[in-house]
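# coordinates only, sequence not included:
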């Protein structure tokens, strides 16, 4: 009997290690001469004890736990590739335990580590949870297909060698056996691939990912609207530049005329400094034109929604702002005005700033919405450069019954904490969303509530006006996003598909699409007209808290709770580059008006400025030699006075406004 156990143990070991020829040779020898095998008692004892330890349930927990700890402490450059290995190893460890009859140990193992994979692979885990006995592995088609097939994982040569070195050094025989039997590595030379490639191993049998890939093949029209104000201005500036060339040929060297023109054209007071910077970069005007190239080269599309007609005086005002816009770049960073809320007693949930920075709103836990007019704040408010912090004081002493005694306008109507607020493009309306599952429209001119929109059944986490006004989008705990218009109390479209809360929402520049970020760690792009999901962006490892669209409509940035920012190409659905540097939640993102810079605000009390133009360039072969050089594009980090950053807003003239609440506990 002992001899049979030894033979079974040896054959099982050879089969597990993949030594097929040796296994066949041993079986043939046993069949030809079954009585010839006599094993030394001491050797037999060692083989049996080794076989028992090999088959013991504890080795799966120990081996996986050590592999998991090693992976999470790996270098950031290789970590995201090595993390891909954990999910298939976790699943096959669980199924091996079930197959060997260790049902209780399998259940303990599954519950101990399922949280690591729950949101990214929720559907798979829900199916696997029903496996309670070895017979289920054969009866359940999903489990059977997993046992019979291998998962393909793309990995760079360095990551692959690091993994093998670890497994051999620690003698992780169990983990090595599972990886050898169930994973097929596609090793590529060079540096690690983009984080977005994690999407290719989202599910082991690929059904969900096939659906995602199919969705991402849909055509989207990411360009700008036809006959937009920016396009009109570009045409006008093109004619102007031609006339300037003619003037330059006729009046070469007329410095006095050039000085007059620069003073008249630049109302920001820094036009002379700006021209000096342009001379440093190259010939005057080249840098400005190169910054607007991305917008001028963007394709033009027709609006799918019926857009409101803009009043002529408003159009002239916006065109004036566009003409006086400061061109930003890595050499010309924006001025920043930071508004700090104090004495809020931890009651401030959100903040919002109007397009010109004249109005600042705060949503509070006591169901109130308060709006400050910066023109009435007196000397306490002054636009300061880079790190200046202006103070907004919503204290009880200033909240008198008469408007003259109060430094803010109080809007009351919600029956729960206010979680989001957004100004219309012209600043004449403000929307707020609340835990009472409603959205309210307020008039900043009449200081009154106009409409209460009901449709969501749970708290509404975010609400955003479209770039053209009139339409707005909301995101809720009910896992849906909805499109509304100001003149209807019911939603026009409902976007359903996320597996968890929809935490944030953002409009595309052409108003034909909205993007939603969710606690399920994915971002989706939706067609406003059809309500269909046209893109799924997978790669984040935390819930999505903020979104921003580039002015030309080609790129999107998303920030998560881990402090990671990812830049996405909407046309392909792939990650262009991850931007890493924040140490806490990224609560707000904003592109500059020409799209050359991205600003990010975080709970780590910093505002970071990122160079988008270099971040979105395709990496060259020689750049790859520097490793992480392609990943970090941070231009400057601006520190606040212990103030987590709630919101960021670039004005039409490219001044950066930001706001947050003073946190004494930091």
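Perfect, I can see it now. Please read all numbers here as calculations on a predicted model, not as lab measurements.
# In space, what's closest to residue 435 - neighbours in sequence excluded?
Of all residues not flanking residue 435 in the chain, residue 416 sits nearest, at 3.6 Å (C-beta to C-beta, 6 or more residues apart in numbering). For glycine as for every other residue, the C-beta is placed from the backbone atoms N, C-alpha and C.
# Next: residue 74.
Leaving out its chain neighbours, the residue that sits closest to residue 74 by C-beta to C-beta, 6+ apart is residue 82, at 5.4 Å.
# so after the helix or strand containing that neighbour, what's the next helix or strand?
Assigned by DSSP states H and E, residue 82 falls within helix 76-99. Counting by DSSP H and E, the next helix or strand C-terminal to helix 76-99 is helix 103-113.
# relative orientation of that following helix and helix 76-99 in degrees?
Counting by axes from the mean of the first three to the mean of the last three C-alpha atoms, to 10 degrees, helix 103-113 lies at 160 degrees to helix 76-99.
# which residues are contacting helix 103-113?
57-58, 60-61, 64, 68, 90, 93-94, 97-98, 128-129, 132-133 (C-beta atoms under 8 Å, 6 or more residues apart in numbering).
# Among those, the buried ones, what's the PyMOL command?
The buried subset of these, as determined by 16 or more other C-beta atoms under 10 Å, is captured in PyMOL by this line:
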select buried, resi 57+60+61+64+68+90+93+94+97+98+128
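# Residue 645 reaches residue 605, doesn't it?
Yes - the pair residue 645 / residue 605 is scored as a contact, 7.2 Å apart, by C-beta atoms under 8 Å.
# Need the overlap of contacts for the two.
Counting by C-beta under 8 Å, 6+ apart, the shared contacts of residue 645 and residue 605 are residue 660.
# before we move on, back to that, now, which of the contacts of helix 103-113 sits nearest residue 374?
Comparing these against residue 374 with C-beta to C-beta places residue 68 closest, at 51.1 Å.
# and that closest one, what element?
Per DSSP H and E: residue 68 is located in helix 58-72.
# could you say what helices and strands that helix packs with?
helix 76-99, helix 103-113, helix 173-182 (3 or more C-beta pairs under 8 Å, 6 or more residues apart in numbering; DSSP states H and E).
# how does it look with 6 Å?
Helices and strands touching helix 58-72, by 3 or more C-beta pairs under 6 Å, 6 or more residues apart in numbering; DSSP states H and E, are helix 76-99, helix 173-182.
# I'd like the mean pLDDT over the last one, please.
Think helix 173-182. For helix 173-182, mean pLDDT is 86.
# Use 325 as the first number for this chain going forward.
Will do, 325 is the new start, and the previous item becomes helix 497-506.
# That one to helix 400-423, inter-axis angle?
Going by the same axes, to 10 degrees, helix 497-506 makes 90 degrees with helix 400-423.
# who touches helix 497-506?
Helix 497-506 is contacted from outside by 340, 383, 387, 391, 413, 416, 474, 491, using C-beta atoms under 6 Å, 6 or more residues apart in numbering.
# What of stretch 924-931?
By C-beta under 6 Å, 6+ apart, stretch 924-931 touches 889, 906-913, 932, 961-964, 966-969, 972, 982.
# returning to what we had before: select from the contacts of helix 497-506 the one having the most neighbours.
Neighbour counts for these, by other C-beta atoms under 10 Å, peak at residue 391, which reaches 26 neighbours.
# Read off the pLDDT value for that residue.
92.
# What of residue 802?
88.
# what about it, how many residues close to it?
Using other C-beta under 10 Å, residue 802 has 19 neighbouring residues.
# Could you list the low-pLDDT ranges of the stretch 725-874 of the chain?
Residue ranges of the stretch 725-874 of the chain with pLDDT under 70: 725-730.
# scratch that, the stretch 875-990 of the chain
Scanning the stretch 875-990 of the chain for pLDDT under 70 picks out 939-956, 988-990.
# 80 instead, please
Within the stretch 875-990 of the chain, the stretches with pLDDT under 80 are 937-957, 988-990.
# picking that back up, so which two of the contacts of helix 427-437 are the farthest from each other?
392 and 457 (26.5 Å).
# Residue 758 against residue 739, yeah?
No - using C-beta atoms under 6 Å, residue 758 is not in contact with residue 739, being 7.3 Å away.
# want to try a markdown table for the contacts of helix 497-506, with distance to residue 791 as columns?
Output for the contacts of helix 497-506, formatted as a markdown table (distance: C-beta to C-beta, whole Å):
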| residue | distance to residue 791 |
| --- | --- |
| 340 | 60 |
| 383 | 58 |
| 387 | 53 |
| 391 | 48 |
| 413 | 46 |
| 416 | 49 |
| 474 | 47 |
| 491 | 52 |
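# Mind picking the lowest-pLDDT entry from the residues you listed?
Of all the contacts of helix 497-506, residue 340 carries the smallest pLDDT score, 59.
# State the number of residues packed around residue 345.
9.
# That one sits in which helix or strand?
helix 344-356.
# if you average pLDDT over that helix, what comes out?
pLDDT averaged over helix 344-356 gives 74.
# Report the distance from that helix to the chain centre.
From the chain centre to the centre of helix 344-356 is a distance of 56 Å (C-alpha atoms, centre = their mean, to the nearest Å).
# Show me what that helix is packed against.
helix 326-341.
# where does residue 860 land in three-state SS?
Three-state assignment for residue 860 (DSSP: H, G, I helix; E, B strand; the rest coil): strand.
# thought it was touching residue 536?
Yes - counting by C-beta under 6 Å, residue 860 touches residue 536, with 4.6 Å between them.
# The residue most central in space within the chain is in what secondary structure piece?
Most central in the chain under C-alpha atoms, centre = their mean is residue 882, positioned 2.7 Å from the mean C-alpha point. In the assignment (DSSP H and E), residue 882 maps to strand 879-884.
# same question, residue 770
Using DSSP H and E, residue 770 sits within no helix or strand.
# cool, the one 3 residues further on as well?
For residue 773, the host element (DSSP H and E) is strand 772-778.
# okay but residue 737 is in contact with residue 775, surely?
No - using C-beta under 6 Å, residue 737 is not in contact with residue 775; the gap is 10.5 Å.
# residue ranges with poor pLDDT in the stretch 425-574 of the chain?
Short version for the stretch 425-574 of the chain, where the test is pLDDT under 80: 442-448, 450-451, 462-466, 468-469, 473, 514-538, 540, 546-574.
# mind listing the strands for it?
For the stretch 425-574 of the chain, applying DSSP state E, counting those that start in this stretch gives strands covering 475-480, 507-512, 548-549.
# Tell me which of these lies nearest to residue 868.
Residue 868 lies closest, by C-beta to C-beta, to one member of the strands of the stretch 425-574 of the chain: strand 475-480, at 24.0 Å.
# The residue nearest to residue 880 when sequence neighbours are not counted pairs with what?
Leaving aside its sequence neighbours, residue 880 sits nearest to residue 892 (C-beta to C-beta, 6+ apart; 4.7 Å). Bridge pairing for residue 892 (DSSP bridges) gives the partners residue 880, residue 899.
# I figured residue 935 hits residue 655, correct?
No - using C-beta under 6 Å as the test, residue 935 is too far from residue 655 to be in contact (10.2 Å).
# Neighbour count for those two, which is higher?
residue 935 (19 against 11).
# For residue 976, see how far away that one is.
Residue 935 sits 22 Å away from residue 976, going by C-beta to C-beta, to the nearest Å.
# dump the residue contacts of the residue nearest to the centre of the chain.
By C-beta under 6 Å, 6+ apart, the contact list for residue 882 reads 841, 847, 868, 871, 890.
# Repeat the analysis, applying 8 Å as the threshold.
Counting by C-beta under 8 Å, 6+ apart, residue 882 touches 839, 841, 847, 861, 864, 868, 870-871, 889-890, 892, 913.
# quick one: contacts for the residue nearest to residue 771 when sequence neighbours are not counted?
Leaving aside its sequence neighbours, residue 771 sits nearest to residue 733 (C-beta to C-beta, 6+ apart; 5.3 Å). With C-beta under 8 Å, 6+ apart as the criterion, the residues that contact residue 733 are 694-697, 727, 768, 771.
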